[in-house]
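A.B. asks: fold the following for me, if possible:
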Amino acid sequence: MKFSLIVAADTKNGIGKNNKLAWKLPPDMKHFVELTSRVHDNAHTNAIIMGRNTWESIPQKHRPLQGRLNIVLSRTPHMELPDGVILANSLEDALEQTKTQKNIDHVFVIGGAKVFAEAINHPECRTIYLTRIAQTFDCDTFFPPIDENIFHMKHRSGPQRENNLDFEFLTYERGNPKS
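C.D. replies: A predicted model of the protein is given here:
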């Protein structure tokens with residue numbers, strides 16, 4: 001099953017510290033919700049795949065993320081999750097489980113670092129949606145480098161600014177750029 005990655009990262013690919021985002025950027029959150037919720041047909045839904053730490057970093061009142069099938073990766077076989085949230089023991093297991101679900105439109109991997117590191121190298125990873133924050137933060141968790149021999153930039157939103165942060169939305173696609 002083809003899937004996309006969605007992430008916000010600083011200039012050194014930092015994505016967080018102590019299992020939290022290092023910044024507050026409402027336009028990025030809005031972008032995340034819009035992209036991961038948008039479907040081609042209202043009879044469908046999207047799936048989001050995340051590691052256990054990412055799941056636990058979401059405030060409890062917001063878990064599971066509404067309007068999307070939430071899949072949590074954990075090696076703990078009996079992790080307690082709310083009804084409707086799927087537990088998978090690996091990225092491959094999660095991708096296989098999306099195939100068994102009815103009406104999945106698109107699959108997004110939303111973190112964390114270990115999951116991104118595996119997912120970016122997976123042949124079915126087709127698109128990377130990156131919010132690039134033009135600043136460096138004190139992060140302890142990082143997004144892997146994007147290999148521009150594999151992924152090319154398809155879209156760049158142009159500079160934006162909010163909360164004293166400059167940022168832009170970038171979209172990378174796997175394969176050669178079309179002439």
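
A.B. asks: sketch out the low-pLDDT regions of this structure for me.
C.D. replies: Scanning the chain for pLDDT under 70 picks out 178-179.

A.B. asks: just the element for the most centrally placed residue in the chain, please.
C.D. replies: In the chain, the centroid-proximal residue (CA atoms, centre = their mean) is residue 110; its distance is 2.2 Å. Using DSSP states H and E, residue 110 sits within strand 104-111.

A.B. asks: strand partners of that strand, parallel vs antiparallel please.
C.D. replies: strand 3-9 (parallel), strand 45-51 (parallel) (DSSP bridges).

A.B. asks: okay, buried residues for the following helix or strand past that strand please.
C.D. replies: Sequence order places helix 113-119 as the next helix or strand after strand 104-111, per DSSP H and E. When burial is assessed from 16 or more other CB atoms under 10 Å, helix 113-119 yields the following buried residues: 113, 115, 116, 118, 119. Heads up, the C-betas are built off the backbone N, CA and C, glycines and all.

A.B. asks: let me have these in TSV, extended by distance to residue 131.
C.D. replies: TSV is the format used below for those (distance: CB to CB, whole Å):
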residue	distance to residue 131
113	16
115	17
116	14
118	21
119	17
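
A.B. asks: of the residues you listed, which is the nearest to residue 102?
C.D. replies: Closest approach between the buried residues of helix 113-119 and residue 102, by CB to CB: residue 119, at 23.5 Å.

A.B. asks: quick one, strands of this structure?
C.D. replies: Counting by DSSP state E, one finds strands in the chain at the ranges 3-9, 14-16, 45-51, 68-73, 86-88, 104-111, 125-133, 141-142, 151-156, 160-162, 165-174.

A.B. asks: would CSV of those strands with distance to residue 31 be doable?
C.D. replies: Below are the strands of the chain laid out as CSV (distance: least, CB to CB, whole Å):
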stretch, distance to residue 31
strand 3-9, 8
strand 14-16, 15
strand 45-51, 14
strand 68-73, 15
strand 86-88, 25
strand 104-111, 12
strand 125-133, 6
strand 141-142, 20
strand 151-156, 12
strand 160-162, 10
strand 165-174, 6
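
A.B. asks: returning to what we had before: which stretch among the strands paired with strand 104-111 comes nearest residue 126?
C.D. replies: That would be strand 3-9 among the strands paired with strand 104-111, by CB to CB, at 6.2 Å.
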